[in-house]
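A.B. asks: test case, fold it:
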Amino acid sequence: MELVYRSLAPDDLEAICSFPQSAEELFYVSPKASYPLTPEQIWQTASERFHPTVVCDAESGKVAAYANLYDWNEEEKSCWLGNVIVAPSWRGRGGAAEFLLQAMMEQARVKLGADRLKLYCHNPNTRALLFYIRIGFAPNGGYKTVEHPSLRKIVVIEMEKSLLERMDADHE
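C.D. replies: Purely as a prediction, here's the structure:
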C-alpha cells in the first residue's frame, strides 16, 4: 500500500472527525476541542496553524492520518507538532503514523527552516509516548500539568527531535 501526503482540504474534514473514538482520545489530540469533533473545529484550528497535512492511501485517496505545525520560533529555529491523529483502521498497521511524522518533519525543516521539532504528549498516552521515542523524539525536561476531562490533573511531557540529523544523513 502506497501512502502520499498533501495539504488538508475541506473534503477531508468529515473523515478526520471520525478518527477520535472517545472524548479522552480527542483530548490527547486537541485538548481544547469538544467531543464529538466537528469539521468547524478542525478548520478553525487548521487556519491558525502551518501546513495542515493529511496522509492518504495513494490508490483509494482515503485519509489515513492528520497533523499540523504551530508556534514557529525564528530565534530557536523550532516549531511544534500538533493535532496528530491516525484513522482507527490504520493504527498499528500500514505505517501511516510514521509516514505522517516523516512528512511533518520534512515540512518543518524544508518549508519553515526548523532545526528542531517539538511536541507535547500526555503521560497516560503510553502508546503515543513509545511511538514518539521510536521515531527519535526524546523528553527534553519540559512539562506542564493540565486538567484532564476526568477532572484530574495529568502531566504533559515536552519532547523534541533534532531535524539536523536527517539533513546530515541526506548529504552522506
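A.B. asks: so how far is stretch 140-159 off the chain centroid?
C.D. replies: On the basis of C-alpha atoms, centre = their mean, to the nearest Å, stretch 140-159 sits 17 Å off its chain's mean C-alpha point.
A.B. asks: to clarify, my last question referred to stretch 147-164.
C.D. replies: In terms of C-alpha atoms, centre = their mean, the gap separating the centre of stretch 147-164 from the centre of its chain is 13 Å.
A.B. asks: what residues of that stretch count as buried?
C.D. replies: Neighbour counts over stretch 147-164 (16 or more other C-beta atoms under 10 Å) mark 148, 154, 156-163 as buried. Glycine gets a C-beta too; all of them are placed from N, C-alpha and C.
A.B. asks: can I get those in TSV including secondary structure?
C.D. replies: Converted to TSV, the buried residues of stretch 147-164 look like this (DSSP: H, G, I helix; E, B strand; the rest coil):
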residue	secondary structure
H148	coil
I154	strand
V156	strand
I157	strand
E158	strand
M159	strand
E160	strand
K161	strand
S162	strand
L163	coil
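A.B. asks: turn those into a markdown table, columns for distance to K118 and pLDDT.
C.D. replies: Converted to a markdown table, the buried residues of stretch 147-164 look like this (distance: C-beta to C-beta, whole Å; pLDDT from 0 to 100):
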| residue | distance to K118 | pLDDT |
| --- | --- | --- |
| H148 | 21 | 89 |
| I154 | 19 | 95 |
| V156 | 12 | 97 |
| I157 | 11 | 98 |
| E158 | 6 | 98 |
| M159 | 7 | 98 |
| E160 | 4 | 98 |
| K161 | 8 | 98 |
| S162 | 11 | 98 |
| L163 | 11 | 97 |
